[in-house]
Structure formats: structure tokens, C-alpha cells
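> need a 3D model of the following:
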Amino acid sequence: MTKAELEKSQNEDHLKLLVSRLEYRIQKIKEGGGKAKMEKEHKLGKMTARERVAYLIDPDSQFLELGAFAGFEMYEEHGGCPAAGVVVGIGYVKGRQCVIVANDATVKAGAWFPITGKKNLRAQEISMENRLPIIYLVDSAGVYLPMQDEIFPDKEHFGRIFRNNARMSSMGIPQIAAIMGSCVAGGAYLPIMSDEALIVEGTGSIFLAGPYLVKAAIGEDIDKETLGGARTTSEVSGITDYSMPDDKTCLDTIRDLVDKLGHFPKAGFDRVEPRAPKADPQEIFGIIPDNSAKPYNMVEVLKRIVDDSELTFYKKDYGKTIVCAYARIDGWAVGIVANNREVTRTTKGEMQFGGVIYSDSADKAARFIMNCNQKKIPLVFLHDVTGFMVGSRSEHGGIIKDGAKMVNAVANSTVPKFSIVAGNSFGAGNYAMCGKAYDPRLIVAWPTAKIAVMGGDQAAKTLLQIQTASLKSKGQEIEAEDEARLLHEIKSRYEHQTTPYYAAARLWVDEIINPLDTRKVISMGIEAANNVPVEAFNVGVFQV
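Just a heads-up that it's a prediction; the model follows:
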């Protein structure tokens with residue numbers, strides 16, 4: 001076996017192991033609160049959240065789940081919160097893309113943790129940005145009271161959801177809510193602020209205060225069904241529009257309602273008949289290195305993602321540490337901005353390190369991004385960046401100005417942007433490559449992703465210097481052995497915080513995906529974005 005073959009085999013083993021770990025963790029998350037809790041739901045005549053979603057969407061259609069890792073390894077002192085206690089994604093209902101939000105009653109009775117609120121707001125954001133109908137399958141006990149101070153009063157907390165209900169209604173975005181279990185307190189506003197509300201007989205109930213609180217507040221004895229069950233809400237108060245005998249009938253009715261919805265004007269993004277890549281996508285596993293510091297050719301990765309493996313390169317031999325190219329993904333025309341990890345040389349023979357953004361590559365990318373905006377071509381960013389080049393030569397050459405041009409172009413882009421974090425995404429490089437702060441329509445990570453202000457080695461050494469300097473200022477000396485131990489502790493803690501799971505748990509990325517699903521994510525994302533006409537592009541003050 002040659003050195004190249006050995007390296008390819010090691011890369012394959014490494015990435016396949018990461019994907020296997022990803023799939024195992026997803027399966028555990030899909031168990032929600034556990035099989036016993038699922039059986040309890042079944043005995044009540046209810047379907048689980050994931051069963052409801054599976055029944056609602058079109059048979060054999062794709063469902064793009066988002067935020068499956070929200071809350072991952074968080075709230076463990078409270079028993080955990082798999083998928084933040086809510087299933088969210090984009091699915092096809094009667095051939096129509098819809099955002100679906102389904103409370104998982106097996107997780108703390110569907111109660112809202114802080115990350116649950118953030119995930120619901122992200123679902124509404126995706127609906128608003130893409131003008132997608134949104135379907136709420138409500139089954140929740142309301143705010144998780146032990147953490148109420150972290151979810152109730154702030155701008156991006158629980159109340160923002162009802163504000164969004166009102167704003168989405170004014171935008172003409174269809175909202176359909178099904179009360180399929182508990183719907184208590186402030187949470188009761190969500191279905192009633194939606195355009196249409198359904199309720200399931202026997203299991204659905206909605207009220208501002210439940211029987212226990214009513215008894216405590218005014219001394220009235222009343223049962224849940226009489227207070228806010230299906231018959232009361234559909235025949236007495238009239239707050240619900242449809243009373244359904246069971247979950248399946250309810251979901252069937254939602255499908256009928258979606259089938260009659262009108263359509264918005266399209267953006268008009270170009271699409272032709274999709275063609276598979278000529279290069280085998282499975283070969284990505286052998287290309288991505290088992291060590292994030294190793295160089296590789298990003299173009300070879302792109303050839304295994306784009307249709308026919310065809311790329312039209314923009315300024316191919318200039319600013320080589322960023323690849324800019326036009327291509328098609330599942331038939332959709334796209335503009336790709338990707339970090340090249342190969343060590344290259346300029347026409348002057350100067351060496352450039354892979355994954356670093358230099359002045360020439362930043363300038364090239366900014367111009368390419370503007371071109372894509374001018375031509376109404378969606379942008380796809382593929383991250384593997386360690387940041388902008390530093391040092392006196394770069395500073396004197398105006399790296400800050402050139403970097404600012406790129407960031408300006410990304411920030412003001414009006415065509416939809418999609419970010420794939422394939423490897424490193426460090427520092428200002430994350431911003432320039434359309435990190436979460438720059439409003440990508442979707443941002444997903446491969447299992448090889450790392451997101452941080454800088455790499456683990458650099459960060460650990462910097463933090464160590466700060467800590468040792470602090471000790472010395474107090475007259476304390478640190479032994480070499482203690483210094484090595486401290487460095488290891490700092491690096492381990494820091495690297496844990498750079499993993500894609502840490503990022504996905506906090507919704508810095510929408511999902512962690514198998515690299516082979518990249519085409520699906522981008523295609524479904526552009527299809528969703530095509531529902532909204534593109535606004536005029538204006539970069540504002542721009543230092544050329």
C-alpha cells in the first residue's frame with residue numbers, strides 16, 4: 001500500500017467512525033423520554049411527536065430535521081432534554097414545503113426549557129424568511145418552572161413566539177395549530193394566534209389556568225375537559241375551529257387544509273434537471289483528513305457535491321486560498337465560496353497557507369459575492385478556515401480593509417445563503433464565511449467541524465500564558481510539570497467547546513449532517529428560499 005493509499009484509508013476510517021457516532025446519537029435522541037413514556041402516550045390514545053410528523057408528511061418524502069441536537073448534554077441536572085423536547089423540520093405536506101413544530105410530550109411533558117424557546121424561535125424564523133406555512137402540533141405543559149427566569153421575560157424568550165405569531169399573520173404566512181395534548185398558560189396563545197386551530201377530543205385541552213390553579217385562585221372545582229376540552233372550546237367558547245376524534249383524523253384534516261393554500265410569488269432561482277455528481281460522493285470520506293491541520297484539495301470535495309462534477313471557476317489563479325465557482329446542486333444554480341486547504345503560491349512565488357484568508361482571496365470572494373447578488377444566484381459557503389492572515393506584512397497590505405469588504409458583501413447579500421461547516425471555522429473567518437451571525441437560511445456542520453475563536457493549540461497556549469502571568473504577579477512560580485498539566489486541562493476543556501455537538505446543542509448550527517446529505521440540505525433550502533422574491537442588493541459604504 002502506497003503512502004497516499006494508506007492516508008486515504010485512514011481518512012475513510014476516521015470520518016466513517018464520526019458518522020457512525022453521529023447516527024448512534026441521533027437514534028438515542030429520537031427515543032425522546034424513553035420507551036416507557038412512549039407507551040404511556042399510546043395508552044392514552046396519542047401518537048408520539050415523531051409518529052405525528054411521520055404521518056403528516058407525504059409518504060416517501062424527505063423530512064429535513066433541524067435542531068435534533070439542541071440541548072445535547074445540557075440540563076443534565078434536570079434529567080436532560082433530548083432535541084429540546086420538540087421536533088422541528090421542513091417536510092412536504094401535499095407536495096408543499098412546510099415548517100413543522102411538534103412538542104414531544106415524552107420529555108418533561110413537553111415543557112419548555114430555555115433551549116426549547118430558542119429552537120421554536122428558529123423554526124418561526126425559517127418560516128418567515130422563506131414564507132413557508134408552519135404547522136404546530138401542540139402538546140406541552142408550558143414553561144419548565146424551575147428555569148422560568150431563563151425563558152420568560154427577555155426579548156428572545158417565550159413571549160417572542162406570540163409576537164412572531166402576530167407578525168407572521170400580518171405577512172400572510174399560513175399558521176395551522178393542532179391541540180393534541182396539554183396547552184397551558186401562556187402557551188395557550190400560540191394555537192389561538194394561529195390562523196386555524198384544531199383540537200383532539202379526549203386528549204387535547206387548552207386554558208390559561210388548569211384545574212389546580214383555578215381551585216387555588218378562586219376556589220372553583222372543575223375538571224380539565226369541562227374547563228378547556230374539545231367540546232368546550234369548539235361548542236362553548238368557540239376558540240377552536242375543528243374538533244377531531246383522534247390524532248390521525250386531526251393530521252388528515254391538516255393535510256386537507258394545506259392542500260387548499262395559495263402560493264406566493266417565486267424568486268425565480270434557476271433550476272434544470274438534476275444530475276448526480278460524476279465523481280463518487282463516497283470518496284469524500286477518503287479526502288477529508290483525519291487531522292484538521294492537514295492540507296487537502298477542497299475542489300476535489302466540491303466535485304463530489306455538484307451536478308456532473310462541473311465547476312466554472314471565478315478568478316481561478318488569483319487568491320487561491322478561497323475557491324469561487326458557479327455550479328449546480330440538484331439542478332439549482334449556485335455560487336460557491338469555499339476555503340481551499342492546499343498550500344499554494346502566488347504568481348510572485350510567495351507561499352500561502354491553506355485555510356487562511358489573504359487580502360487577494362478576500363477581495364476575490366467579495367467581488368464574486370456581489371456578482372451572485374447581481375445575477376440572483378444563491379450562495380453556498382463551505383467552511384474550513386483558520387482565519388485571516390496576520391503579521392506586519394498582511395497588516396501593512398490592508399488585510400483588515402480587504403476582510404471588511406468580504407464581510408460587508410456577506411452581510412448585505414440579499415440572495416439566500418447556505419453555510420456548510422466542513423472543518424475549521426475560526427475567528428473572523430467564521431464571519432466572512434457566513435457564520436450564524438450573518439443570517440444563513442440554513443447552517444449545518446459535518447462531524448469534522450470545529451467552531452471557535454481560534455484553534456485549540458493557540459487558545460490553550462494563550463490562556464496558559466495569561467494564567468502563568470497571573471500566578472507570577474502574585475509571587476508564585478509554576479513548575480514545568482504543573483504547566484504541562486495545566487496546558488492539557490485548558491486544551492481539553494477548550495476543544496470540547498469547539499466540537500460540532502457543542503455548537504449544535506446551542507443552535508449555533510441548525511444540524512450536524514452526514515457529508516453525503518449535503519446536496520439534500522442545500523436543495524431543500526433553495527426550494528424553500530425560492531418562495532420569497534430577492535430584494536435589491538446594496539453594500540452601503542464600501543472601501544474598494
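> going by C-alpha atoms from here, please, whenever you check contacts or count neighbours.
Noted.
> can you show me the strands along the stretch 301-450 of the chain?
Counting by DSSP state E, counting those that start in this stretch, the stretch 301-450 of the chain has strands at residues 312-313, 322-329, 332-339, 344-345, 351-352, 356-357, 379-385, 387-388, 417-426, 442-445, 450-452.
> got JSON lines for the ones you listed, with mean pLDDT and mean neighbour count too?
As requested, those are exported to JSON lines (pLDDT from 0 to 100; neighbours: other CA atoms under 10 Å):
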{"stretch": "strand 312-313", "mean pLDDT": "98", "mean neighbour count": "14"}
{"stretch": "strand 322-329", "mean pLDDT": "98", "mean neighbour count": "25"}
{"stretch": "strand 332-339", "mean pLDDT": "98", "mean neighbour count": "26"}
{"stretch": "strand 344-345", "mean pLDDT": "75", "mean neighbour count": "16"}
{"stretch": "strand 351-352", "mean pLDDT": "76", "mean neighbour count": "15"}
{"stretch": "strand 356-357", "mean pLDDT": "92", "mean neighbour count": "28"}
{"stretch": "strand 379-385", "mean pLDDT": "97", "mean neighbour count": "27"}
{"stretch": "strand 387-388", "mean pLDDT": "86", "mean neighbour count": "23"}
{"stretch": "strand 417-426", "mean pLDDT": "96", "mean neighbour count": "26"}
{"stretch": "strand 442-445", "mean pLDDT": "98", "mean neighbour count": "26"}
{"stretch": "strand 450-452", "mean pLDDT": "92", "mean neighbour count": "26"}
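> dump these into TSV; add distance to Ser292 as well.
TSV is the format used below for the strands of the stretch 301-450 of the chain (distance: least, CA to CA, whole Å):
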stretch	distance to Ser292
strand 312-313	25
strand 322-329	17
strand 332-339	13
strand 344-345	18
strand 351-352	17
strand 356-357	13
strand 379-385	9
strand 387-388	14
strand 417-426	7
strand 442-445	14
strand 450-452	9
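> and of those, who's closest to Arg304?
Of all the strands of the stretch 301-450 of the chain, strand 322-329 sits nearest to Arg304, with 10.5 Å by CA to CA.
> contacting residues around the closest one?
With contacts defined as CA atoms under 8 Å, 6 or more residues apart in numbering, strand 322-329 is touched by 274, 299, 305-307, 310-316, 333-340, 355, 357, 361-362, 364-365, 368, 519, 522-523.
> before we move on, back to that, so which of the strands of the stretch 301-450 of the chain gets nearest Tyr92?
Nearest of those (CA to CA): strand 442-445, 17.3 Å.
> list of residues touching the closest one?
Contacts for strand 442-445 (CA under 8 Å, 6+ apart): 417-422, 435-436, 500, 509-513, 525.
> show me which of those is closest to Gly142.
The closest of the contacts of strand 442-445 to Gly142 turns out to be Asp510 (CA to CA; 23.6 Å).
> how close does that closest one sit to Pro82?
15 Å (CA to CA, to the nearest Å).
> who has more neighbours out of those two?
Neighbours per residue (other CA atoms under 10 Å) separate Asp510 from Pro82, with Pro82 holding more: 28 against 25.
> Met74 is in contact with that one, correct?
No - Pro82 lies out of contact with Met74 (CA atoms under 8 Å); the separation is 9.0 Å.
> so which elements touch the longest helix seen in the chain?
For the chain, the helix with the greatest residue count under DSSP state H is helix 3-30. On a contact count with 3 or more CA pairs under 8 Å, 6 or more residues apart in numbering; DSSP states H and E, helix 3-30 meets helix 284-287.
> restricting to C-alpha, output the helix it packs on in PDB.
Taking only C-alpha atoms (Å, rounded to 0.1, in the frame of the first residue of the first chain), the coordinates of helix 284-287 have been written out as PDB:
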ATOM      1  CA  ILE A 284     -15.400  12.400   0.300                       C
ATOM      2  CA  PHE A 285     -14.600  10.100   3.200                       C
ATOM      3  CA  GLY A 286     -11.100   9.500   1.800                       C
ATOM      4  CA  ILE A 287     -10.400  13.200   1.000                       C
END
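> ok, residues contacting it?
Against helix 284-287 from outside (CA under 8 Å, 6+ apart): 7-13, 15-16, 296-297, 300-301, 304, 515.
> run the last query once more with 6 Å
Residues outside helix 284-287 that contact it (CA atoms under 6 Å, 6 or more residues apart in numbering) are 8, 11-12, 15, 301.
> got a winner among these for most neighbours?
Leu15 (23 neighbours).
> what distance do you get for the closest residue to that one other than its chain neighbours to Phe269?
Once flanking residues are discounted, Leu15 sits nearest to Phe285: 5.9 Å by CA to CA, 6 or more residues apart in numbering. Distance from Phe285 to Phe269, counting by CA to CA: 31 Å.
> quick one on the thing from earlier: buried stuff in the helix or strand following the longest helix of the chain?
Following helix 3-30 in sequence order, the next helix or strand is helix 35-43 (DSSP states H and E). If you call a residue buried by 16 or more other CA atoms under 10 Å, then helix 35-43 has these buried ones: 37-38, 41.
> need those residues in TSV (columns: distance to Ala123 and pLDDT).
What follows is the buried residues of helix 35-43, written out as TSV (distance: CA to CA, whole Å; pLDDT from 0 to 100):
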residue	distance to Ala123	pLDDT
Lys37	25	96
Met38	24	97
Glu41	25	97
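> which parts of the stretch 251-400 of the chain are helices?
For the stretch 251-400 of the chain, helices defined by DSSP state H, counting those that start in this stretch occupy the ranges 284-287, 298-302, 359-374, 392-396, 399-412.
> which helices and strands sit right next to the second one?
Meaning helix 298-302. The contact analysis (3 or more CA pairs under 6 Å, 6 or more residues apart in numbering; DSSP states H and E) places helix 298-302 against no helix or strand.
> let's see that with 8 Å instead.
Using 3+ CA pairs under 8 Å, 6+ apart, helix 298-302 is in contact with helix 284-287.
> how many neighbours does Lys491 have?
21.
> now the residue of the chain most remote from its centre: phi and psi?
Ranked by distance from the centre of the chain (CA atoms, centre = their mean), the top residue is Gly475, with 47.7 Å. Backbone torsions for Gly475, taken as degrees, to the nearest 10, come to phi 80, psi 10.
> could I get the contacting residues of Ile363?
Quick fix: residue 363 is Asp, not Ile. Asp363 neighbours (CA under 8 Å, 6+ apart): 319, 402-403, 405-406.
> go again using 6 Å as the cut-off
Contacts of Asp363 by CA under 6 Å, 6+ apart are Asp402.
> and for Arg122?
Counted by CA under 6 Å, 6+ apart, Arg122 has zero contacts.
> tell me where the model's unsure across the stretch 101-250 of the chain.
186 (pLDDT under 70).
> just to revisit the earlier point, out of the contacts of helix 284-287, which is nearest to Arg96?
Val301 (31.6 Å).
> ok so, going back, closest one to Gly398 out of the contacts of strand 442-445, please.
The shortest gap between Gly398 and any of the contacts of strand 442-445 belongs to Gly435, at 22.8 Å (CA to CA).
> tell me where the stretch 401-544 of the chain has helices.
427-432, 456-473, 480-497, 500-505, 518-529.
> ok, residues contacting the second one?
Counting by CA under 6 Å, 6+ apart, the neighbours of helix 456-473 from elsewhere in the structure are 490-491, 495.
> repeat the analysis, applying 7 Å as the threshold.
477, 487, 490-491, 494-495 (CA atoms under 7 Å, 6 or more residues apart in numbering).
> compare these and tell me which has the most neighbours.
Lys491 (21 neighbours).
> roughly how far apart are the closest residue to Met298 other than its chain neighbours and Ser127?
Nearest residue to Met298, sequence neighbours excluded (CA to CA, 6+ apart): Asn340, at 5.2 Å. To Ser127, Asn340 is 33 Å away according to CA to CA.
> next one: Lys30
Distance from Lys30 to Ser127, by CA to CA: 23 Å.
> among the two, which residue is more densely surrounded?
Between Lys30 and Ser127, counted using other CA under 10 Å, the more crowded position is Ser127 (24 against 15).
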